[in-house]
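S.K.: Take this sequence and fold it.
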Amino acid sequence: MEQKEPMKLLPLGINDYVRLREKNYYFVDKTEYISVLEQTGSFLFFTRPRRFGKSLFVSMLREYYDILAQDRYEKEFKDTWIYNNPTPERGQFQILFFDFSLVGGNFSNVEEKFNECCGDEMDRFIRKYADFYDPFDIKKVLEASTASAKLNNICGAAKEAGHKIYIIVDEYDNFTNSILASRGRNDFESITHGTGFYRDFLKIFKAKATRSLLMGVSPVTLDDLSSGANNYKNITAKEKFNMALGFSQEEVETMIRYYQGYGVITRSVEDIINEIKPWYDNYCFSKTSYGKDPMMFNSDMVLYYLDNLIETGESPEEMLDSNTRTDYEKMKDLLGLDRWDGNRGATLRKIVEQGYIYARLSDSFPAESVVDPEIFPSLLYYYGMLTIGGSRGARLKLVIPNRNVMVQYYDYMLKQMQEIHYLKTDQLEEAIDGAAFNGDWQTLLEYLAKGYKEITSVRENSAGEEGVQIFMSAYLHLSPLYIVKPEVEMNHGFCDILLFGDTFKYPDVKHSYIIELKYLKTDATDAEAERQWIEAVEQVKRYGADEDVQKLTAATTLHLIAMQMKGAELLRLEEIS
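M.R.: Numbers count the residues shown, from 1 in each chain. Modelled structure (predicted):
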């Protein structure tokens, strides 16, 4: 009987390519993009949202191009695409690598921390490649006091000796975005403009390196550093790189089947995909790729899920990894997601209400434009809070990609609502349980209507159908029992809220709901109210007959609910048979 090879480990949290290959971790082969990168240009700029595999990708490039790794090539790249299709520049470079997420400290000592972090890396570089350099040049590098001086000495010595240097930066915008978020634009510009130390440092890259790649999350810092990012070719939205990071569904299915072969996953591929797709899938980064390439999964979230499934036999209790929540919290200040006022607040409400927004995608903008409402959708795109979901004329349709991200929007909204008026979430949870297990929808919706009235008495601009819908959707999202879908298209209309049980995780949920909300101004007449009610009844009946909705809710009893508000008062609430 043929002996199986030892099962590959799941690479959750593994960003070191050499470790991944040598310690028998599962590898999703992205090596074909090495060739594409090499043919695209010498000075490249590439962004993706957090936790999309950027650091592992960078680590793979470092190993492939390192002149000192030539004798390890077969060991590290055997059975990959690039092994059978090597490029002309394989193993031809000295690799100078920086990870700027390691630049810590507060603003008062950020330059000191930067010099320390970069200086240590360049000291390691010159010692690693010491056989290529004159002892005098090595001494100059080690004795230089600033990062810029060390870099100038390295690049000058390399150029004189005819050596090629590939400078790779991971998280290029990490510490600068932190400064922008916590300290504001003036402090940010003091290091990225004029004679700022970070600007001076990056100017050396283009002047003296052979190749350079900057990886990060957004183009904000690069724009300020290089007066419009003219020095680097931005490949973020290029069609040929759309699938370079993240996992396609085919790649996820192949991984699942691999672990099924070792008996550590027993659930079907179809069941797993159906559960994780609404949470982690649906990213697209290129306008011309939309409809041609498959949509991409967030790779880290897929690994988080599979790790729990392999370890316990069950999907994780929380579908959103706590580390991802931390990333969103860090992002909140920069995006201004805790400030739901003015034009940005209106933009956010519009995105949450309809699930998308039409906007032009800016591939370059300075920090001063971060607060511009026209730029705001682009910033949300770069941080993975929106993704490409089509186009209309010159504008892109930027959509909320999945439930993972939708939960983040509602989390931010809930925090603001709770500051205005605290709604007891333990009572809400009891009411949701009653609706889910017993079909008691009335207690739940009356409780939410009462909470809406109380918050509106404090903040008048929460009123209106849009305000009711956002308020209810935000609070309903607190429960893991339900998937909440606002503004779902069905039977030639848009249902206000579709509330269907997450029966993959909670098969004991027995009831789902279509809720049609109607809002009247306080001076509306009884006749107007009656006409509106008749319209709501007709609409909710039509939505309930939608074939897709019936399939989606087949494991539960579907209730059709019409709900009418007059100002902040609940006027009428009924189940429609």
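S.K.: I'd assumed Y133 was in contact with A161.
M.R.: Yes: contact status for A161 versus Y133: in contact at 6.9 Å, counting by Cβ atoms under 8 Å. C-beta: built from backbone N, CA, C; applies to glycine.
S.K.: Please identify which of these two sits among more neighbours.
M.R.: Applying other Cβ atoms under 10 Å to A161 and Y133 shows that Y133 carries more neighbours, namely 22 against 11.
S.K.: OK, contacts around the more buried one?
M.R.: For Y133, the contacting residues are I126, A157, A161, taking Cβ atoms under 8 Å, 6 or more residues apart in numbering as the criterion.
S.K.: One more pass at 10 Å, please.
M.R.: By Cβ atoms under 10 Å, 6 or more residues apart in numbering, Y133 lies in contact with 94, 126-127, 139-141, 153-154, 157-158, 160-161, 163.
S.K.: Which one of those sits in the busiest neighbourhood?
M.R.: When neighbours are counted by other Cβ under 10 Å, I154 leads the contacts of Y133 with 28 neighbours.
S.K.: any idea which element that one lies in?
M.R.: Here I154 sits within helix 147-161, counting by DSSP states H and E.
S.K.: Tell me the first helix or strand C-terminal of that helix.
M.R.: Next in line after helix 147-161, if elements are assigned by DSSP H and E, sits strand 165-170.
S.K.: Mind listing the strands that next one pairs with, and their directions?
M.R.: Here the strand partners of strand 165-170, with direction, are listed using DSSP bridges: strand 94-99 (parallel), strand 211-216 (parallel).
S.K.: Could the C-alpha coordinates of the first one be exported in CSV?
M.R.: Translated: strand 94-99. What follows is strand 94-99 as a C-alpha-only set of coordinates in CSV (Å, rounded to 0.1, in the frame of the first residue of the first chain):
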residue,chain,number,x,y,z
GLN,A,94,21.2,41.7,-3.4
ILE,A,95,18.0,42.2,-1.5
LEU,A,96,17.5,45.2,0.8
PHE,A,97,14.3,44.7,2.7
PHE,A,98,12.4,47.0,5.0
ASP,A,99,9.3,46.3,7.1
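S.K.: Break down the stretch 251-400 of the chain into its helices, ranges please.
M.R.: Under the criterion DSSP state H, counting those that start in this stretch, the stretch 251-400 of the chain contains helices at 269-280, 299-312, 322-335, 342-354, 376-382.
S.K.: Test my guess that G493 contacts A545.
M.R.: No: under the contact definition of Cβ atoms under 10 Å, G493 does not touch A545, with a separation of 11.2 Å.
S.K.: more neighbours, the two?
M.R.: Residue environment comparison for G493 versus A545 gives the larger neighbour count to G493, 15 against 11, counting by other Cβ under 10 Å.
S.K.: related to what we said a few turns ago, closest one of the contacts of Y133 to V302?
M.R.: Within the contacts of Y133, the smallest distance to V302 is 34.8 Å, found for Q94 (Cβ to Cβ).
S.K.: That closest one contacts I67, correct?
M.R.: Yes: Q94 lies in contact with I67 (Cβ under 10 Å); the separation is 6.0 Å.
S.K.: Name the residues contacting each of these two.
M.R.: The contact sets of Q94 and I67 overlap at Y129, F132, H163, K164, Y166 (Cβ under 10 Å, 6+ apart).
S.K.: For the fourth one, which non-adjacent residue is spatially closest?
M.R.: So the one you mean is K164. Closest residue to K164 in three dimensions, ignoring its sequence neighbours and counting by Cβ to Cβ, 6 or more residues apart in numbering: T210, at 4.2 Å.
S.K.: isn't the one you found right up against E89?
M.R.: Yes: taking contact to mean Cβ under 10 Å, the distance of 9.1 Å between T210 and E89 places them in contact.
S.K.: Against N298, how distant is the residue nearest the centre of the chain?
M.R.: Against the mean C-alpha coordinate of the chain, by Cα atoms, centre = their mean, the closest residue is G384 at 3.2 Å. Separation of G384 from N298 (Cβ to Cβ, to the nearest Å) stands at 8 Å.
S.K.: any residues in contact with both of the two?
M.R.: With the criterion set as Cβ under 10 Å, 6+ apart, the overlap between the contacts of G384 and N298 is R48, P49, R50, R51, F52, Y283, T324, P401, N402, N404, V405.
S.K.: before we move on, the earlier item: of all the helices of the stretch 251-400 of the chain, which one comes closest to Y73?
M.R.: helix 299-312 (24.9 Å).
S.K.: list the helices and strands that closest one packs on?
M.R.: Counting contacts by 3 or more Cβ pairs under 10 Å, 6 or more residues apart in numbering; DSSP states H and E, helix 299-312 is packed against helix 54-65, strand 247-248, helix 249-260, helix 269-280, helix 322-335.
S.K.: Mind doing that once more with 6 Å?
M.R.: When contacts are defined as 3 or more Cβ pairs under 6 Å, 6 or more residues apart in numbering; DSSP states H and E, helix 299-312 sits against helix 269-280.
S.K.: Give me the buried positions along the helix it packs on.
M.R.: For helix 269-280, the buried set under the neighbour-count rule, 16 or more other Cβ atoms under 10 Å, comprises V269, I272, E275, I276, K277, P278, W279, Y280.
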